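Asks: all I have is the shape, not the residue letters:
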C-alpha cells in the first residue's frame, strides 16, 4: 500500500500536473499552428512561386511499375513535406519567442517597480537605549 500512496503523492505534485497541462496545451497549439501554416500561410507562398503546393513537391527516385500484375509503388523523396514541417517549426518557435519575450517584459516591469520603503520602528531595547543616551547627554551638559 505504501508504493501506491507514494505514486499518488508523486502524480499529484504541482510540477507533474503543470507539465501535463503544458503538454496538452502544446499539442493543441501545435495543431493550430500546423493549420495556420498549411491552410493560410503556404497557399499564398505557393501562389507566389508559381502555384505550387509545397506538400506535393517530391523527387521520384523510382517510378511506379506493374510487374506480373502487381503494382509496385513509386519511391519518392518528399522534400515538400519537409519544407512544410520546417515552416511549422519556424512559426512555432517565433510564437514561443514572442510569448517568452512578453512574459519577460511583464516580469521586468514588476522587478523595476520600487518597493515601498519599510518602516522600521525601533525595538523597545533601542528605544530604551536612545532614552539613556539622551539622559546622559543632558547630564553631561549640566
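Replies: Here it is on my side, so go on. Since this is a predicted model, take the numbers as computed values, not measurements.

Asks: what packs against the helix ranked longest in the chain?
Replies: With secondary structure taken from DSSP state H, the chain has its longest helix at helix 79-112. The contact analysis (3 or more Cβ pairs under 8 Å, 6 or more residues apart in numbering; DSSP states H and E) places helix 79-112 against helix 14-35. For every residue, glycine as well, the C-beta is placed using N, CA and C.

Asks: need the next SSE after the helix it packs on, C-terminal direction.
Replies: helix 42-48 (DSSP states H and E).

Asks: in this protein, which residue is closest to the centre?
Replies: The centroid of the chain falls nearest to residue 96 when counting by Cα atoms, centre = their mean (5.3 Å).

Asks: quick one on the thing from earlier: name the helices or strands packed onto the following helix or strand past the longest helix of the chain?
Replies: Of the helices and strands lying after helix 79-112 in sequence (DSSP H and E), the nearest is helix 124-141. Applying 3+ Cβ pairs under 8 Å, 6+ apart, one finds that helix 124-141 contacts no other helix or strand.

Asks: quickly find the element holding residue 61.
Replies: Secondary structure (DSSP H and E) places residue 61 in strand 59-62.

Asks: note down every partner strand of that strand and its orientation.
Replies: Using DSSP bridges, the strands paired with strand 59-62 are strand 75-77 (antiparallel).

Asks: quick check: chain neighbours aside, which residue is closest to residue 33?
Replies: Setting aside the residues directly before and after it, residue 33 is nearest to residue 92 in space (Cβ to Cβ, 6 or more residues apart in numbering), at 5.0 Å.
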